[in-house]
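# Got a sequence here, can you build the structure:
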Amino acid sequence: MLSEKIKLNKPFEEDVTYRVNTQDITTTSILSETENLVYDEYGNPFISVVDNAGGGKLIFDGGFPKYYNGNWGSATTFDELNPQFKFMHNIIQWMSKTHQSRNKVLLYGDAIEGHNYSVTSTFNVSIPKAITMAGYTPEIKSAAHSDYNGSKKHNRKVDISLEELNEYASIIIMSSGGWESFTTETTNNFTTYVNNGGGVFIITDHDYFQKTGNQILRKFGSEFYGVINRN
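Sure thing, here's the model as predicted:
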């Protein structure tokens, strides 16, 4: 087993490795083999890594407020980034490495345009800039994008083909709209994408927001849960 852990103070190429090495052919049912890297004040792990020999990287992040546009600042180099964006930069490079020749990263959000936590407003500057700084071209699509025509009001779910997922080096999911936005076929496609070496970074917040993220995570035997006391 490798023993190095993620460090957040330097670019990916020098620092990001992982500890657990499993011979499972998929990422299903290996979360018990996770190396927990960082804990909160109550002893709960909130940065954890599994190295799956079968390929694929699935990253959980339960606190999207730190990625608001207003938290980006004026950074133009890695050293100028706030810590949360150094973390994101390193994660993007790590999870995109298998398919880096695809050159672009999808930022998908289940909140429609005009929603407080939409990828077309609240996160449309900070996360795309982090993607660009990591060396990839960002592609931003909300559930209501013309390619998907999703609607929470009308429960019109988003269908993303495996062919489209395979266009991206990695995918960032912003689960913030409070609904299960994907069709069953789409969640199956995400499972295939990850098991074929793709990287998926799922970002959410407390229980209201977690539904789209959990549609994917349940396929891997896990989920987000819990309410955060922001006071």
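
# Now the residue positioned nearest the centre of the chain, what are its backbone angles?
For the chain, the residue nearest the mean C-alpha position is residue 201 (1.4 Å; C-alpha atoms, centre = their mean). Dihedral pair for residue 201: phi -110, psi 110, per degrees, to the nearest 10.

# There's contact between it and residue 90 in this structure, I believe.
No - if you go by C-beta atoms under 8 Å, residue 201 and residue 90 don't touch, sitting 11.2 Å apart. Quick note: C-beta positions are derived from backbone N, CA and C, even for glycine.

# Is it correct that residue 164 falls within a helix?
Yes - assessed with DSSP: H, G, I helix; E, B strand; the rest coil, residue 164 lies in a helix.

# Mind checking what helix or strand follows the host helix or strand of residue 37 in sequence?
Per DSSP states H and E, residue 37 falls inside strand 35-39. Next along the chain after strand 35-39, taking DSSP H and E as the criterion, comes strand 45-49.

# relative to strand 35-39, how tilted is that next one?
150 degrees (axes from the mean of the first three to the mean of the last three C-alpha atoms, to 10 degrees).

# Export strand 45-49 to PDB, keeping only CA atoms.
Extracted as PDB, the C-alpha positions of strand 45-49 are listed here (Å, rounded to 0.1, in the frame of the first residue of the first chain):
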ATOM      1  CA  PRO A  45     -14.100  12.300   8.300                       C
ATOM      2  CA  PHE A  46     -14.700  14.800   5.500                       C
ATOM      3  CA  ILE A  47     -11.800  14.100   3.100                       C
ATOM      4  CA  SER A  48     -11.300  10.500   2.300                       C
ATOM      5  CA  VAL A  49      -9.600   8.600  -0.600                       C
END
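
# which residues touch stretch 156-164?
With contacts defined as C-beta atoms under 8 Å, 6 or more residues apart in numbering, stretch 156-164 is touched by 108, 110, 143, 148-150, 180-183, 185-186, 189, 192-193.

# Return the set of buried residues in it.
Within stretch 156-164, the residues that count as buried by 16 or more other C-beta atoms under 10 Å are 157, 158, 159, 160, 162, 164.

# out of these, who's nearest residue 138?
residue 164 (15.4 Å; C-beta to C-beta).

# What segments of the protein are helices?
12-15, 83-96, 126-133, 162-165, 184-195, 211-217 (DSSP state H).

# Could I get the ones you listed in CSV, plus columns for mean pLDDT and distance to residue 171?
Shown next, in CSV, are the helices of the chain (pLDDT from 0 to 100; distance: least, C-beta to C-beta, whole Å):
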stretch, mean pLDDT, distance to residue 171
helix 12-15, 42, 18
helix 83-96, 94, 9
helix 126-133, 98, 11
helix 162-165, 98, 7
helix 184-195, 96, 7
helix 211-217, 96, 10
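
# closest one to residue 226 among the ones you listed?
Taking those one by one with C-beta to C-beta, helix 211-217 is closest: 11.9 Å.

# in the protein, what residue sits furthest out from the centroid?
Within the chain, counting by C-alpha atoms, centre = their mean, residue 154 lies farthest from the centre, at 26.1 Å.
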